[in-house]
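J.: What follows is a predicted structure for the sequence shown.
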Amino acid sequence: MLGFGSKVKSALFGSHKPAKWPSQYQQCLASYRSAAFPVGVPPDAISGDSSETHCHINAPFACAQEAAALRQYIAEHLQRDVRVDIDVILQESPRLKAIKHIILVASGKGGVGKSTCAVNMALALRREGAKVGILDADIYGPSIPLLLGLQGEKPQAKDENTLLPFEVHGIKAQSIGFLVDPDDATVWRGPMASQALSQLLMETDWGELDYLLVDMPPGTGDIQLTMSQKVPASTAIIVTTPQDLALADAHKGVKMFEKVNVPILGLIENMSQFQCPHCGETSHIFGADGAQHLAQRYGVPILAQLPLEMGIRQCSEQGADLGDEYPELGHYFAHAARISASELYYQQGAKQRVEIIFTDD
Ligand SMILES: Nc1ncnc2c1ncn2[C@@H]1O[C@H](COP(=O)(O)OP(=O)(O)OP(=O)(O)O)[C@@H](O)[C@H]1O
């Protein structure tokens with residue numbers, strides 16, 4: 001441990017005050033950076049002749065890909081080469097222990113890209129160093145098997161009472177579609193749907209997860225309300241398009257979560273804009289600024305404004321990982337994942353502290 005370890009620690013733990021909304025991850029990490037390097041720490045405070053310093057961070061939310069930016073920042077302040085790695089370590093949840101956070105992904109209206117967003121957020125959170133699962137609870141049109149290339153597969157039983165989740169692209173997945181015929185689901189009522197969801201949640205051997213995303217059925221009726229009530233969710237993300245109709249339904253979604261006391265993490269505006277591949281002109285095919293107004297009205301952040309892009313649809317249909325196939329599109333979700341993870345951390349009271357450990361290698 002370097003000589004100023006305790007200084008860093010006290011600076012970090014003593015002075016860091018959780019920011020209030022908007023507390024996006026940049027702000028969050030910026031406050032850690034400035035807390036870790038208060039004006040009083042001179043670069044020559046490092047002892048030893050080693051050419052490389054190792055900075056290990058235990059972060060209380062998913063942000064592993066922030067290591068490069070932190071490395072640059074720390075190197076500037078120490079004026080030497082620093083190797084940075086970040087482990088994501090979240091506290092146990094009092095309610096579900098091994099599953100630290102359940103995030104509901106909902107939409108007021110069907111077809112706005114909710115499942116696409118749920119899958120890509122799950123993959124992006126995994127890229128940020130978290131252990132992630134996705135539970136497809138859309139009884140009307142379970143599409144997670146398609147989006148993850150699992151069509152025709154059947155889940156395996158671990159024992160009489162437990163199902164094994166699928167493991168694809170580094171995340172765990174389970175779908176209500178394996179248990180329910182969507183034609184039968186049209187006559188389901190709330191209690192039946194929420195019973196199926198609870199069963200799938202509790203009887204799948206998820207192991208330890210930092211985030212479990214639940215792809216909810218679209219709408220704000222009896223079924224969605226009962227399901228949201230039944231699951232011990234930490235928070236909810238609402239996906240919408242900029243269209244007036246979708247926004248009106250997203251507004252109902254915000255109201256529904258208010259009713260069941262599930263805080264909203266933020267909005268994802270999908271199909272926000274389209275850039276013509278030929279002339280490069282950007283058009284707002286479904287309207288502009290709608291999600292912005294909704295976000296302002298309810299004081300919730302916009303986590304992402306995603307473009308309408310062929311690559312997103314193609315990846316969905318092929319069950320491919322967008323971040324691998326089209327990194328420039330995956331970037332939108334990477335950003336949204338980091339913002340979501342840090343927002344959730346603050347929403348939950350920022351109780352767990354970040355740990356920064358410097359060693360001379
Ligand atoms: N940003 C986008 N650009 C291009 N295509 C998209 C985009 N987002 C979603 N899609 C496509 O739109 C279709 C609907 O998406 P998706 O199934 O995710 O919507 P949904 O809201 O979950 O629908 P449902 O209401 O049926 O559950 C899919 O074919 C998907 O590939």
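T.: That came through, no problem. Just so we're clear, the structure is a prediction, and the values are computed from it rather than from any experiment.

J.: Can you report phi and psi for Ile264?
T.: Reported as degrees, to the nearest 10, the phi and psi values for Ile264 are phi -90, psi 130.

J.: The spatially closest residue to it that is not a sequence neighbour in helix, strand or coil?
T.: Nearest non-adjacent residue to Ile264, counting by Cβ to Cβ, 6 or more residues apart in numbering: Val300, 4.8 Å away. No exception for glycine: its C-beta is placed from N, CA and C like everyone else's. Secondary structure of Val300, reduced to three states by DSSP: H, G, I helix; E, B strand; the rest coil: coil.

J.: Pull the contacting residues for Val300.
T.: Contacts for Val300 (Cβ atoms under 8 Å, 6 or more residues apart in numbering) come out as 254, 264-267.

J.: Could you measure from Gly129 over to the ligand?
T.: According to Cβ to the nearest ligand atom, to the nearest Å, Gly129 stands 25 Å off from the ligand.

J.: Actually, Gly311.
T.: 8 Å.

J.: buried sites along the helix or strand containing that residue?
T.: Here Gly311 is covered by helix 310-318, with elements defined by DSSP states H and E. Counting neighbours by 16 or more other Cβ atoms under 10 Å, one finds that the buried residues in helix 310-318 are 312, 315-316.

J.: does the ligand sit close to the helix or strand that contains Glu328?
T.: Using DSSP H and E, Glu328 sits in helix 327-347. No: judged by Cβ under 6 Å from any ligand atom, helix 327-347 stays clear of the ligand, getting no closer than 8.4 Å.

J.: could the buried residues of helix 310-318 go into a markdown table alongside pLDDT?
T.: Listed next are those as a markdown table, based on pLDDT from 0 to 100:
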| residue | pLDDT |
| --- | --- |
| Ile312 | 94 |
| Cys315 | 92 |
| Ser316 | 88 |
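
J.: Tell me, how many residues neighbour the residue of the stretch 151-300 of the chain found nearest the ligand?
T.: As assessed by Cβ to the nearest ligand atom, the ligand sits closest to Pro218 within the stretch 151-300 of the chain, at 3.9 Å. Pro218 has 22 neighbours, counted by other Cβ atoms under 10 Å.

J.: One more: Gly221?
T.: By other Cβ under 10 Å, the residues close to Gly221 number 13.

J.: Next up, the contacts around it.
T.: Per Cβ under 8 Å, 6+ apart, neighbours of Gly221: none.

J.: same deal with the one 3 residues further on?
T.: Counting by Cβ under 8 Å, 6+ apart, Gln224 touches 106, 216-218, 256.

J.: Next step: the residues you listed restricted to strands.
T.: Ala106 (DSSP state E).

J.: Which ones among the contacts of Gln224 lie within helices?
T.: Counting by DSSP state H, those place Met256 in helices.

J.: Closest one to Asp205 out of the contacts of Gln224, please.
T.: Of all those, Asp205 sits closest to Met216, with 22.3 Å by Cβ to Cβ.

J.: Leaving out chain neighbours, which residue sits closest to the closest one?
T.: Sequence neighbours aside, Ala106 is the residue nearest to Met216 in space, at 4.4 Å (criterion: Cβ to Cβ, 6+ apart).

J.: Can you read off the pLDDT for that neighbour?
T.: Looking at Ala106, its pLDDT is 95.

J.: Is it bridged to anything, and to what?
T.: In this entry, Ala106 is beta-bridged to Ile238, by DSSP bridges.

J.: domain assignment for the protein?
T.: Using automatic domain parsing, the domain parsing of the chain gives 5-89+350-360, 99-325.

J.: Just say which of those domains is most tucked in.
T.: Scoring the domains of the chain by mean neighbour count under mean count of other Cβ atoms under 10 Å gives domain 99-325 as the most buried, with a mean of 19.
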